[in-house]
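Student: Test case, fold it:
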Amino acid sequence: MNAFLEAEARIERERLAAMLTVTSHGAQGDKAAIERLHRELRRED
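Tutor: Sure, this is the predicted structure:
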């Protein structure tokens with residue numbers, strides 16, 4: 001059970017890190033880069 005919870009927590013941290021990356025790129029205003037990153041992140045799911 002602990003292994004499952006640890007894996008779930010790791011996945012959540014990775015998801016939040018990806019969202020932070022997208023948000024920080026968005027703050028820079030480069031729409032093309034945001035769209036590329038968004039497509040790449042979708043492929044990993």
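Student: Give the buried residues for the helix or strand bottoming out on mean pLDDT in the chain.
Tutor: Sorted by mean pLDDT, DSSP states H and E, the helices and strands of the chain end with helix 31-44, the least confident at a mean of 77. Of all the residues in helix 31-44, those buried under the rule 16 or more other CB atoms under 10 Å are 34, 37. Heads up, the C-betas are built off the backbone N, CA and C, glycines and all.
Student: Tell me which other helices or strands that helix touches.
Tutor: helix 2-28 (3 or more CB pairs under 8 Å, 6 or more residues apart in numbering; DSSP states H and E).
Student: for the helix it packs on, packing partners?
Tutor: For helix 2-28, the packing partners by 3+ CB pairs under 8 Å, 6+ apart are helix 31-44.
Student: Give me the angle between the helix it packs on and helix 2-28.
Tutor: Angle of helix 31-44 versus helix 2-28, following axes from the mean of the first three to the mean of the last three CA atoms, to 10 degrees, is 160 degrees.
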